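Asks: fold the following for me, if possible:
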Amino acid sequence: MYKLLRDSHLVLGVFFSTFLLMFGISSLRFAHPDWISPVPSEEQTLTLTVEKVSGARSLARSLMEKHGLRGNFRDLRETEKGFQFEIGRLGTTYEVSYIKHLNKVEIRTLRRPFIGILLGMHFTFGFEHDNWLYNVFGALNLGVSIALLLLGGSGVYLWFKIHKERLTGSIILLSSLLTLFALIVSIRVA
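Replies: All right, here's what the predicted structure looks like:
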């Protein structure tokens with residue numbers, strides 16, 4: 001049992017360490033936004049004339065089918081002239097503006113560098129997205145969360161089974177719990 005648990009602990013840790021590294025880098029960006037700036041690496045604007053549209057969702061579907069825009073429909077806003085929304089995926093955002101009286105659509109495309117993709121991944125969760133890749137990534141995030149719980153539990157069990165390491169492990173466990181508590185308090189106070 002001990003050997004199976006130890007090997008599983010190692011394999012889970014190695015496999016999910018890439019996800020933890022990704023979350024660590026994007027968290028560093030959120031903590032220190034001046035250090036890493038996800039400035040769009042490419043920006044372009046396209047103007048189209050379209051047939052009369054019945055609403056924002058139908059326009060988004062039409063743009064996805066006819067012009068190859070991919071991603072999730074989000075951030076619908078009514079304007080004086082029509083409406084605006086975004087179609088976004090990791091690293092690319094299409095800002096769509098519809099001018100009702102002209103039947104004109106302006107599409108501003110923003111492509112972000114690798115850090116922009118990481119920032120998008122940081123907030124991608126759940127299974128109710130229009131884009132199937134987001135749903136797959138949501139499942140991976142769920143797997144990482146469960147694996148972290150399993151890693152923590154199996155790590156404490158494995159540490160407890162090695163009698164000569166109990167004092168060192170107790171000090172490390174207690175100091176990490178105190179650090180976690182201090183961080184939670186500092187976030188709530190700040």
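Asks: tell me the helix or strand right after the lowest-mean-pLDDT helix or strand in the chain.
Replies: Every helix and strand in the chain was compared by mean pLDDT, DSSP states H and E; the lowest is strand 42-49, with a mean of 67. Next along the chain after strand 42-49, taking DSSP states H and E as the criterion, comes helix 56-67.
Asks: same for that next one, what does it pack against?
Replies: Judged by 3 or more CB pairs under 8 Å, 6 or more residues apart in numbering; DSSP states H and E, helix 56-67 is in contact with strand 72-78, strand 82-89, strand 92-99, strand 104-111. Bear in mind the C-beta positions are built from the backbone N, C-alpha and C, glycine included.
Asks: what angle do the shortest one and strand 92-99 make?
Replies: On the basis of axes from the mean of the first three to the mean of the last three CA atoms, to 10 degrees, strand 72-78 is oriented at 30 degrees to strand 92-99.
Asks: return the set of buried residues in strand 72-78.
Replies: Using 16 or more other CB atoms under 10 Å as the test for burial, strand 72-78 gives Asn72, Phe73.
Asks: ok, now the third one?
Replies: Applying a neighbour-count criterion of 16+ other CB under 10 Å, one finds Thr92, Thr93, Tyr94, Glu95, Val96, Ser97, Tyr98 buried in strand 92-99.
Asks: roughly how far does the second one sit from Leu183?
Replies: Spelled out, that is Thr93. Note on Thr93: its distance to Leu183, by CB to CB, to the nearest Å, is 32 Å.
Asks: surely Glu95 touches Gln84?
Replies: Yes. Using CB atoms under 8 Å, Glu95 is in contact with Gln84, at 7.1 Å.
Asks: mind putting the helices and strands packed on helix 56-67 into a markdown table with mean pLDDT and distance to Asp7?
Replies: As requested, the helices and strands packed on helix 56-67 are exported to a markdown table (pLDDT from 0 to 100; distance: least, CB to CB, whole Å):
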| stretch | mean pLDDT | distance to Asp7 |
| --- | --- | --- |
| strand 72-78 | 84 | 39 |
| strand 82-89 | 88 | 37 |
| strand 92-99 | 87 | 40 |
| strand 104-111 | 86 | 42 |
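Asks: okay, those strands in JSON lines with distance to Leu28 next?
Replies: What follows is the helices and strands packed on helix 56-67, written out as JSON lines (distance: least, CB to CB, whole Å):
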{"stretch": "strand 72-78", "distance to Leu28": "25"}
{"stretch": "strand 82-89", "distance to Leu28": "23"}
{"stretch": "strand 92-99", "distance to Leu28": "22"}
{"stretch": "strand 104-111", "distance to Leu28": "22"}
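Asks: CA atoms only: put stretch 182-190 into CSV for me.
Replies: Output of stretch 182-190 as CSV, limited to C-alpha atoms (Å, rounded to 0.1, in the frame of the first residue of the first chain):
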residue,chain,number,x,y,z
ALA,A,182,-1.2,35.0,7.7
LEU,A,183,-1.8,35.4,4.0
ILE,A,184,-5.6,34.9,4.3
VAL,A,185,-5.7,37.5,7.1
SER,A,186,-3.6,40.0,5.1
ILE,A,187,-5.9,39.6,2.1
ARG,A,188,-9.0,40.2,4.3
VAL,A,189,-7.4,43.2,6.0
ALA,A,190,-5.9,44.9,3.0
